[in-house]
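Q: Task: produce atomic coordinates for the following.
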Amino acid sequence: MSLDGQFTFHDVHQAATDFGNRYHLLPSMVLHPGSVSDIAATVRRVVLGPSSGLTVAARGEGHSLRGITVHPGEESYVDAPGGSLWIDVLKETLLHGLSPMSWTDYLHLSIGGTLSNAGISGQAFRHGPQISNVHQLEVVTGKGEAVLCSSTHNADLFHAVLGGLGQFGIITRARITLQAAPKMVKWIRVLYSDFATFVEDQEMLISATKTFDYVEGFVIINRTGLLNNWRSSFWPKGPGARRPIRISRKNSVLLGGYQNFDPENHGVMMQEVDELLTKLRYIPSTLFESEVSYLDFLDRVHASGSSCG
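A: The predicted structure is shown next:
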């Protein structure tokens, strides 16, 4: 079979483990595609060829078929290969002062991988998940055909592939909506001891017209190390904030958010944040805040993992 890329038959261990490290299944071979036609030809050979008992599974993060192309304009978008990483899309679009509208918390995942699921993070309450911000897909179907699809062209395939867990085709390219990217974010974290109060405040934030640009929440076990480590990179707010946090309840709930801003509008941003904080019923001594670049915030999970490794 004539290919632009190549098959690997021996060094296949890297492709044997899934992202969650739950399964380890050695493939018979791994295709390193040099073009979309390589993927299409491989699928056709397996599906339509002589009975061989073989199956095909997409493996993200392992290839880039072509470059990431940014298209600024009135309706800006980026064309990105399915195997490219979100972190690379972010860095490329930021060069144009733009970025996608919705993210996952971990950016070192492939475009095709997260779009085959949903792609959810703290921006989803405002912009929807990543799959709600896609104009067009290039998909290799189960018949080995490379097909363009969108909400108006081959719409059934488009909607089946987005969030379809890879069961309806392999995403080889995606056209993703862009917006103007902020330079900085004001990052806020606070703790709640009462879950019902936390839920009410979070629902208020995500339904308000004027609110944070990002909202998240999760449970923290009240052990001294865990409870105090999450705030290590934040500025303390108030005279008692440097002291260790001691809460009698077994678990606490953390509410996090950020507000986008550019340095020249710092004063306006601070006023907006203060107004939002006055509406929240968190434990007063647990307000911690930081100002970081937009890139550093979005890549925070990978950065924290690297620093711990």
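Q: confidence score at residue 31?
A: Turning to residue 31, the model gives it a pLDDT of 75.
Q: Mind listing the strands the helix or strand encompassing it pairs with, and their directions?
A: Counting by DSSP states H and E, the element that carries residue 31 is strand 30-32. According to DSSP bridges, strand 30-32 forms sheet pairs with strand 6-8 (antiparallel).
Q: Residue 217 and residue 257 touch, don't they?
A: No: Residue 217 is beyond contact range of residue 257, at 9.1 Å (criterion: CB atoms under 8 Å). Using the backbone N, CA and C atoms, a C-beta is placed for each residue, glycine as well.
Q: Show me which of the two is the more surrounded one.
A: It is residue 257, of residue 217 and residue 257, that has more neighbours when counted by other CB atoms under 10 Å, with 25 against 17.
Q: before we move on, the earlier item: distance from the chain centre to the strand holding residue 31, please.
A: 25 Å (CA atoms, centre = their mean, to the nearest Å).
Q: ok, then the element right after it?
A: Moving toward the C-terminus from strand 30-32, the next helix or strand (DSSP H and E) is helix 36-48.
Q: and the helix or strand following that following helix, which residues are buried?
A: Next helix or strand after helix 36-48 toward the C-terminus (DSSP H and E): strand 69-71. By 16 or more other CB atoms under 10 Å, the buried positions in strand 69-71 come out as residue 70.
Q: now strand 69-71: how far from the chain's centre is it?
A: 19 Å.
Q: How about stretch 115-131?
A: That offset, for stretch 115-131, works out to 8 Å (CA atoms, centre = their mean).
Q: can you give me the end-to-end distance of it?
A: 6 Å (CA to CA, to the nearest Å).
Q: now do stretch 254-272
A: 21 Å.
Q: who touches that stretch?
A: 122, 182-192, 198, 201-202, 205, 210, 212-220, 230, 273, 276, 280, 282, 294, 297 (CB atoms under 8 Å, 6 or more residues apart in numbering).
Q: Now the buried members of those residues.
A: 122, 182, 184-192, 198, 201-202, 205, 212-217, 220, 230, 273, 276, 280, 282, 294, 297.
Q: if you look at those residues, which of them are in helices?
A: Of the buried ones among the contacts of stretch 254-272, the ones assigned to helices by DSSP state H are 198, 201, 202, 205, 273, 276, 294, 297.
Q: Now distance to residue 100 and pLDDT too, for those, in CSV please.
A: Formatted as CSV, these follow (distance: CB to CB, whole Å; pLDDT from 0 to 100):
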residue, distance to residue 100, pLDDT
198, 29, 95
201, 28, 97
202, 24, 97
205, 22, 97
273, 24, 95
276, 24, 96
294, 12, 96
297, 14, 95
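Q: Thanks again, I'm all set now.
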